[in-house]
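K.L.:
My questions concern the predicted model and sequence given below.
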Amino acid sequence: MIRFATLALASALFAAPAQAQTLPEGLPPLAAAKACKAPKDTVGGAMDAEAKALAKGLVPAWTGSEVKPQALAKRMQALQVPGVSVALIRGGRIVLARGWGTADMATCAPVTADTLFQAGSVSKVVTATLAMQAVQAGRHPLDADINWALARWQLPMNKAYPKDRVTLRQLLSHTAGVSSPDSTGYAPGTPLPSLQAILTGKGVKGQPVRVTGKPGGAWDYSNGGYLVVQAALEDMYGEGFAALADKQVLAPAGMTRSTFAQPPAAPLLAATAAGHHLGQPFADRFYNVAELGAGGLWSTPGDLARLLIALRGAWTGSDTTLLPQAAAREMAKVQAADWGLGLKLKGSGAGFSFGHDGTRWGMFTRAFIHPESGDGIVVMANDFRGFDLADEIIRAAANRYGWAAYQSRALASLPADTVLYLRGSMNDWGTATPLRREGAGFAAEVTLPAGRHEFKLATADWDYLALGQGAGAGLKANGGTLKLDPGGGNVVFETAAPGTWRLVLDRLPTGRPRLVITPGG
């Protein structure tokens with residue numbers, strides 16, 4: 001659903017989309033993986049009709065006409081994702097919650113419905129819910145200066161805009177122009193810095209939190225903005241964030257296997273998944289998070305599904321345990337780009353959905369619900385390539401249940417107004433390189449230095465063409481080496497000399513995609 005991640009994973013770790021890198025900077029130390037046997041399917045939970053359908057229906061977003069669904073186990077192996085857990089929501093009820101694979105390749109523990117993962121930026125949904133509760137309680141207006149609510153510290157403003165003030169609405173919608181601190185985490189046993197230290201930048205990695213843009217200006221994803229909200233909530237309530245979240249959101253929503261404690265206390269700690277990089281476990285299992293309001297939540301897919309169901313109940317007015325209907329509707333209303341207040345929004349009408357993604361070192365989460373139908377899904381994985389795997393699992397569900405915005409489509413059916421981008425290591429996985437339409441295909445020119453380059457062909461919202469799932473896809477390079485990475489998601493182009501290259505994407509007679517790279521300019 002949304003994008004979240006390695007653009008600059010070390011500096012935007014909680015942010016939304018992300019692409020895996022080979023040994024990214026700051027990666028936690030790795031340990032040796034055991035030769036774990038794949039757990040039997042029944043270990044992770046019941047293999048009912050829903051589970052079987054998901055486990056055999058994985059497909060890429062854009063396919064050739066003859067691409068066949070693949071098995072979950074095969075895709076996990078190809079992407080080197082040790083474990084994944086899924087909760088499926090139908091009609092506002094959880095109809096499936098189970099795991100597949102291994103939670104920790106150092107111990108061979110299996111993933112089950114009770115396995116906890118670091119939820120990363122999905123934490124912001126909890127933070128935004130707390131903030132809207134404060135607004136409803138009259139503690140702070142949504143459009144008032146946030147500094148009015150801050151007692152221990154004041155948000156430094158941007159001198160370029162002396163009359164502009166930052167509001168809670170702007171912070172929750174990533175339009176406050178607030179900088180982000182370092183969010184890479186802390187090894188077990190390392191003392192966690194206080195929120196005050198993070199905000200001021202004293203004695204911690206990274207920059208202090210301050211206003212660097214124009215308040216109320218362009219959308220710019222900000223972890224720092226949510227730390228300002230966390231500080232305001234703690235000051236308004238006179239209570240620590242973790243306890244406040246547990247009392248006002250987690251417990252009322254029935255999220256008994258969720259916590260902001262770093263690390264989780266027993267007995268939850270024993271059920272945590274370890275982070276992995278391409279199948280290798282982290283030596284310390286996971287890094288603790290000091291920035292709780294931005295990305296400190298531990299949870300399960302089942303618990304995150306309960307949160308989505310509770311917010312959906314508030315949105316429909318059928319269950320106002322967490323929020324009154326008006327507040328939930330305000331959260332799910334477009335504020336900037338395709339974002340509400342703490343929620344990523346997609347689609348319209350019956351296809352409208354809200355949710356969030358989350359990323360931590362070696363963890364990935366994608367969660368959303370369609371409030372009108374009550375259908376949704378949560379996928380959590382213990383390797384960063386869970387980003388790719390989650391999308392494929394979601395498409396299996398979408399194809400089965402008719403979630404149009406998430407279904408796979410043939411390349412030939414790509415809407416005329418949809419732009420494809422070359423998104424990769426050459427442009428920080430951004431949208432700087434669009435492909436133009438040429439006849440029945442697409443083309444672009446890109447200047448590259450000598451060396452190895454990884455990229456995807458993807459839309460702005462990260463639906464991408466997975467050439468590796470189109471058996472028989474054509475790859476041809478003149479002047480370099482063109483191949484798929486082991487997972488089949490990224491295309492790898494290696495060249496011995498710098499130059500400008502022409503990329504052409506079209507279709508083979510079979511309907512399968514073909515990508516050709518030649519010298520040009």
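P.N.:
Sure, I can see it.

K.L.:
What is the neighbour count of Q77?
P.N.:
Burial of Q77 is recorded as 16 neighbouring residues (other C-beta atoms under 10 Å). All C-beta spots, glycine's among them, are computed from the backbone N, C-alpha and C.

K.L.:
which ones are touching L150?
P.N.:
By C-beta atoms under 8 Å, 6 or more residues apart in numbering, the contact set of L150 is 228, 231-232, 235.

K.L.:
nope, P181 is what I meant
P.N.:
The neighbourhood of P181, defined by C-beta under 8 Å, 6+ apart, consists of 198-199, 201, 204-209, 223-224, 227, 291.

K.L.:
Just the buried ones from these?
P.N.:
By neighbour count, with 16 or more other C-beta atoms under 10 Å, the contacts of P181 hold 198-199, 201, 204, 206, 209, 223-224, 227, 291 as buried.

K.L.:
Rounded mean pLDDT for stretch 365-376, please.
P.N.:
For stretch 365-376, mean pLDDT rounds to 98.

K.L.:
same question, stretch 383-401
P.N.:
Stretch 383-401 comes out with an average pLDDT of 92.

K.L.:
Go through it and flag the buried ones.
P.N.:
Result for stretch 383-401 [16+ other C-beta under 10 Å]: buried residues 383-399, 401.

K.L.:
Does the residue positioned nearest the centre of the chain belong to a helix, a strand or coil?
P.N.:
Nearest residue to the geometric centre of the chain (C-alpha atoms, centre = their mean): D357, 2.9 Å. Applying DSSP: H, G, I helix; E, B strand; the rest coil to D357 yields a three-state assignment of strand.

K.L.:
ok, now how distant is it from P498?
P.N.:
35 Å (C-beta to C-beta, to the nearest Å).

K.L.:
Mind picking out the helix or strand in this protein with the poorest mean pLDDT?
P.N.:
Least confident helix or strand, the chain: strand 62-63 with a mean of 65, by mean pLDDT, DSSP states H and E.

K.L.:
Can you name the next helix or strand after that one?
P.N.:
Going down the chain from strand 62-63, the next helix or strand is helix 72-79, by DSSP states H and E.

K.L.:
List the buried residues for that following helix?
P.N.:
Using 16+ other C-beta under 10 Å as the test for burial, helix 72-79 gives 72, 75-79.

K.L.:
How about stretch 344-363?
P.N.:
So stretch 344-363, judged by 16+ other C-beta under 10 Å, has buried residues 344-347, 352-363.

K.L.:
Among these, which one lies nearest to G296?
P.N.:
Ranked by distance to G296 (C-beta to C-beta), the buried residues of stretch 344-363 are led by R360 at 9.6 Å.

K.L.:
Could you check what's spatially nearest to that closest one, not counting adjacent residues?
P.N.:
Once flanking residues are discounted, R360 sits nearest to Q118: 4.0 Å by C-beta to C-beta, 6 or more residues apart in numbering.

K.L.:
Is it correct that that neighbour is in contact with F286?
P.N.:
Yes: under the criterion of C-beta atoms under 8 Å, Q118 makes contact with F286 at 6.2 Å.

K.L.:
ok so L422 is a strand residue?
P.N.:
Yes: under three-state DSSP, L422 falls within a strand.

K.L.:
Assess the claim that it and A444 are in contact.
P.N.:
Yes: if you go by C-beta under 8 Å, L422 and A444 touch, sitting 5.5 Å apart.

K.L.:
More neighbours: these two, which one.
P.N.:
A side-by-side neighbour count of L422 and A444, using other C-beta under 10 Å, places L422 first with 24 against 18.

K.L.:
tell me the contacts of the more buried one?
P.N.:
L422 sits next to 433-435, 444, 446, 455-457, 503 when contact means C-beta under 8 Å, 6+ apart.

K.L.:
Can you tell me which of the buried ones among the contacts of P181 lies closest to I517?
P.N.:
Scanning these for proximity to I517, where the rule is C-beta to C-beta, the winner is N223, at 36.5 Å.

K.L.:
Quick check, the closest one in contact with L292.
P.N.:
No: between N223 and L292 there is no contact under C-beta under 8 Å: 11.1 Å.

K.L.:
count of neighbours near L278?
P.N.:
L278 has 19 nearby residues by other C-beta under 10 Å.

K.L.:
ok so, going back, among the contacts of L422, show me the least confident.
P.N.:
Within these, pLDDT reaches its minimum at L457, with 82.

K.L.:
From A251, how far out is that one?
P.N.:
45 Å.

K.L.:
hmm, who's touching stretch 153-166?
P.N.:
145-147, 176-178, 196, 199-200, 208-216, 228, 231.

K.L.:
What's opposite the closest residue to P82 other than its chain neighbours in the beta bridge?
P.N.:
Spatial nearest neighbour of P82, chain neighbours left out: T102 (4.4 Å); criterion: C-beta to C-beta, 6+ apart. Using DSSP bridges, the beta-bridge partners of T102 come out as P110.

K.L.:
unless I'm mixing things up, T102 is touching T115, no?
P.N.:
No: T102 lies out of contact with T115 (C-beta under 8 Å); the separation is 10.0 Å.

K.L.:
Neighbour count for those two, which is higher?
P.N.:
For T102 versus T115, neighbours defined as other C-beta under 10 Å are more numerous around T102 (30 against 23).

K.L.:
Now do the contacts for that one.
P.N.:
Contacts for T102 (C-beta under 8 Å, 6+ apart) come out as 36, 38-39, 82-83, 108-111.

K.L.:
Repeat that for I146.
P.N.:
Per C-beta under 8 Å, 6+ apart, neighbours of I146: 140, 155, 165-168, 171, 228-229, 232.

K.L.:
ok, now how distant is it from E25?
P.N.:
33 Å.

K.L.:
coming back round to it: what residues are up against the residue nearest to R360?
P.N.:
275, 286, 289, 295, 297-298, 358, 360, 363.

K.L.:
if you set the cut-off to 7 Å instead, what comes out?
P.N.:
286, 298, 360, 363 (C-beta atoms under 7 Å, 6 or more residues apart in numbering).

K.L.:
What of V125?
P.N.:
Contacts for V125 (C-beta under 7 Å, 6+ apart) come out as 307, 342-343, 356.

K.L.:
Repeat that for G240.
P.N.:
With C-beta under 7 Å, 6+ apart, G240 has these contacts: E234.

K.L.:
Which pLDDT does the model give it?
P.N.:
G240 is given a pLDDT of 98.

K.L.:
Check the one 10 residues further on too.
P.N.:
pLDDT, L250: 98.

K.L.:
just the strands in the stretch 251-400 of the chain please.
P.N.:
Taking DSSP state E, counting those that start in this stretch as the test, the strands found in the stretch 251-400 of the chain are 276-277, 280-281, 297-299, 344-346, 353-360, 363-370, 375-381.
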